[in-house]
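Enquirer: Take this sequence and fold it.
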Amino acid sequence: MALTFALFWIGWQPNIAAANQAQETFDKLAALEQRLAGEVDFDYLFGLAALKAEKPAYAVLALERVILTDPGHDDAKLALATAYLRSGDLIRLQDILQAIDPNLLSPSARTTWQQLLQQLTLLSSLHSRSQNRAPSWQGTLRLSLGYDDNVSSGVAAEELTSMWWLSSSDIESMTRKSDIYTQLQGTLQYRHPLGDGLTAHASGLVEQRLLRQADEEADSHLKLGAGLQWKRGEQSLLGHLAWSTLWQPDSKPIHRPSLLLQWQQRWSRSQQSALFGQSTYIDYQEDRSQNAWQWLVGVSHRQLLSLPRPGSRLRLGLHSGHYSPEAASQAANDYKMFGLSLNGETPLQKDKLWLFARSALERRLYEADSSGHAQRDTRLDLGTGLLWRVDKQHDITLRLDHNQTHSTSVTDRTTQLVLGVTYQWRF
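Expert: Numbering: from 1, shown residues only. Predicted structure coming up:
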């Protein structure tokens with residue numbers, strides 16, 4: 001009843017596209033959004049008015065609410081596809097067009113669907129050609145303040161007191177220590193398209209961690225890498241070679257070469273009341289410094305949510321893998337890993353300010369050692385923060401991370417808490 005009165009009050013006509021005062025119509029509907037948002041008819045009309053007033057961001061929010069409430073509203077899906085097109089979001093445009101069955105559309109609606117598909121194909125081709133011609137740079141700079149309750153990688157003191165053969169100095173050197181630290185990290189990546197879906201890339205990372213209480217000791221880390229990526233449609237193949245060096249006080253540098261191979265397949269479709277996509281990937285990594293190899297298989301799942309706000313995204317990931325030292329003399333045993341991750345994001349201010357949260361749980365099961373003891377580790381990572389998209393080239397992120405590892409070994413438990421600010425630029 002409120003909706004009927006509202007439409008009568010603003011003088012709505014059946015064909016909103018014929019209205020000459022698009023901005024005035026949009027303003028009147030916008031004034032009612034807080035009270036009527038969530039009603040399918042109102043959200044649909046508000047989305048059309050936003051499109052007519054050249055406000056695609058408002059149209060996206062209103063029309064996504066329609067689809068989440070009424071997944072069979074094909075007219076809203078076509079209008080949402082138009083909004084995605086005008087906002088330049090080709091990925092979501094492809095998702096929504098794939099969610100529409102053209103055989104169920106009226107002749108005029110099917111024509112509109114075909115025109116949108118043609119525009120998507122054309123824009124994707126132009127975007128691909130521009131990407132194939134233009135090299136790109138991307139860099140990040142991050143400053144963090146953190147707490148680590150086991151910076152020395154030692155064990156709990158109570159685990160050592162029963163070892164009568166250790167001296168007090170030995171116990172002191174082996175005991176775990178906590179500390180507050182500051183960390184500065186910088187990364188730079190360069191990508192150069194070679195044509196026919198092939199891209200070469202090179203990357204570098206410089207990181208330094210300064211401990212507050214341990215005589216101002218500092219750890220330094222340098223990592224350089226390069227590789228090739230081939231992409232065709234929804235399939236991609238990546239090869240990456242890297243070399244990292246870690247400098248720590250009172251110890252020799254640790255050099256670690258590695259090889260990463262990754263294959264990925266993505267697809268998306270519509271199911272019930274939501275749009276979602278999935279990707280499958282296979283990683284193979286080799287670490288020559290440890291004479292070890294590792295493989296990882298995973299599946300990720302993303303879904304459009306109605307709560308807490310329209311436009312929210314949720315990503316669920318599952319992975320499993322195996323790590324195996326080649327040499328029997330290595331201290332580390334073989335282990336199998338199983339992991340689960342859940343990441344979400346929701347817009348707070350259109351496409352400028354986003355709230356995100358992440359969580360990951362990983363379980364490692366080690367093979368039994370010579371004494372028959374089988375170690376088990378459980379790692380929990382939690383994080384939340386705000387992402388501010390300044391413009392297309394610059395992002396600023398404020399992030400709080402917490403990770404905790406529980407082990408059946410004498411190390412028992414380690415905890416880290418990190419607050420960081422990251423500045424990212426692209427050109």
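
Enquirer: Find the residue ranges of the stretch 51-200 of the chain scoring beneath the pLDDT cut-off.
Expert: Applying pLDDT under 70 to the stretch 51-200 of the chain picks out residues 125-133, 151-177.

Enquirer: need the helices for it, in chain order.
Expert: 56-69, 74-87, 90-98, 107-133, 168-174 (DSSP state H, counting those that start in this stretch).

Enquirer: looking at the ones you listed, which is closest to A200?
Expert: With Cβ to Cβ as the measure, helix 107-133 is the member of the helices of the stretch 51-200 of the chain nearest A200 (12.1 Å). Where you see a C-beta, it was placed from the backbone N, CA and C, and this is true even at glycine.

Enquirer: Show me the chain divided up by domain.
Expert: The chain is divided into the following domains under automatic domain parsing: 2-131, 135-426.

Enquirer: Now the terminal residues of the longest one, how far apart.
Expert: What it means is domain 135-426. 11 Å (Cα to Cα, to the nearest Å).

Enquirer: just stretch 240-257 next, same as before
Expert: End-to-end distance for stretch 240-257: 11 Å, by Cα to Cα.

Enquirer: which stretches of the stretch 201-350 of the chain have low pLDDT?
Expert: Within the stretch 201-350 of the chain, the stretches with pLDDT under 70 are 213-217, 234, 266-311, 325-333, 350.

Enquirer: if you set the cut-off to 90 instead, what comes out?
Expert: Where the stretch 201-350 of the chain drops to pLDDT under 90, the residues are 209-219, 231-240, 242-244, 246-350.

Enquirer: Just say helix, strand or coil for the closest residue to A218 other than its chain neighbours.
Expert: Excluding its sequence neighbours, the residue lying closest to A218 (Cβ to Cβ, 6 or more residues apart in numbering) is L210, at 4.8 Å. Applying DSSP: H, G, I helix; E, B strand; the rest coil to L210 yields a three-state assignment of strand.

Enquirer: Hmm, L210 is touching Y181, no?
Expert: Yes - contact criterion Cβ atoms under 8 Å: L210 and Y181 qualify, at 6.1 Å.

Enquirer: Which of those two has more residues huddled nearby?
Expert: Y181 (21 against 15; other Cβ atoms under 10 Å).

Enquirer: Wait, that one touches D148, no?
Expert: Yes - taking contacts as Cβ under 8 Å, Y181 lies within contact range of D148: 6.6 Å.

Enquirer: Can you give me the buried ones in the helix or strand hosting Y44?
Expert: According to DSSP states H and E, Y44 maps onto helix 40-52. Neighbour counts over helix 40-52 (16 or more other Cβ atoms under 10 Å) mark 40, 42-52 as buried.

Enquirer: Hmm, L348 is touching F356, no?
Expert: No - between L348 and F356 there is no contact under Cβ under 8 Å: 10.3 Å.

Enquirer: what sits in contact with each of these two?
Expert: Common contacts of L348 and F356 (Cβ atoms under 8 Å, 6 or more residues apart in numbering): L386.

Enquirer: the more surrounded of these two?
Expert: Legend: neighbour count by other Cβ under 10 Å for L348 and F356, higher for F356 (16 against 13).

Enquirer: so what's that one closest to, chain neighbours aside?
Expert: The nearest residue in space to F356 (Cβ to Cβ, 6+ apart) is E345, at 4.2 Å.

Enquirer: before we move on, what about V206?
Expert: Using Cβ to Cβ, 6+ apart and skipping residues adjacent in sequence, the residue nearest V206 is G186, 5.1 Å away.

Enquirer: and what of L382?
Expert: Leaving aside its sequence neighbours, L382 sits nearest to H402 (Cβ to Cβ, 6+ apart; 4.8 Å).

Enquirer: All the strands of this structure, in order from the start?
Expert: Assigned by DSSP state E, the chain shows strands spanning 136-148, 179-195, 198-211, 218-232, 235-247, 254-271, 274-287, 292-305, 312-325, 335-349, 353-366, 376-389, 394-407, 413-426.

Enquirer: List the contacts of Q248.
Expert: By Cβ under 8 Å, 6+ apart, the contact list for Q248 reads 219, 254.

Enquirer: Could you report the separation of it from Q208?
Expert: 12 Å (Cβ to Cβ, to the nearest Å).

Enquirer: Need the residues touching each of these two.
Expert: Counting by Cβ under 8 Å, 6+ apart, the common neighbours of Q248 and Q208 are D219.

Enquirer: separation between W354 and D89?
Expert: For W354, the distance to D89 equals 15 Å [Cβ to Cβ].

Enquirer: between the two, who's got more neighbours?
Expert: Comparing W354 with D89 by other Cβ under 10 Å, the one with more neighbours is W354, at 21 against 16.

Enquirer: who touches the closest residue to the more buried one other than its chain neighbours in this structure?
Expert: Nearest residue to W354 in three dimensions, chain neighbours excluded: L387, at 4.4 Å (Cβ to Cβ, 6+ apart). By Cβ under 8 Å, 6+ apart, the contact list for L387 reads 345, 353-356, 395-397.

Enquirer: Using JSON lines, please lay out the residues you listed together with distance to R110.
Expert: Shown next, in JSON lines, are the contacts of L387 (distance: Cβ to Cβ, whole Å):
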{"residue": "E345", "distance to R110": "34"}
{"residue": "L353", "distance to R110": "38"}
{"residue": "W354", "distance to R110": "36"}
{"residue": "L355", "distance to R110": "39"}
{"residue": "F356", "distance to R110": "38"}
{"residue": "D395", "distance to R110": "40"}
{"residue": "I396", "distance to R110": "44"}
{"residue": "T397", "distance to R110": "43"}
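
Enquirer: which two in those residues are spaced the farthest apart?
Expert: Distances among these were taken as Cβ to Cβ; the most separated pair is E345 and I396, at 15.4 Å.

Enquirer: out of the two, which sits in the busier spot?
Expert: E345 (16 against 13).

Enquirer: Who is that one paired with across the strands?
Expert: Counting by DSSP bridges, E345 is bridged to R313, F356.

Enquirer: what's near enough to touch it?
Expert: With contact taken as Cβ under 8 Å, 6+ apart, E345 is in contact with 312-313, 354-357, 387.

Enquirer: Stretch 388-398 - what's its average pLDDT?
Expert: Stretch 388-398 shows a mean pLDDT of 87.
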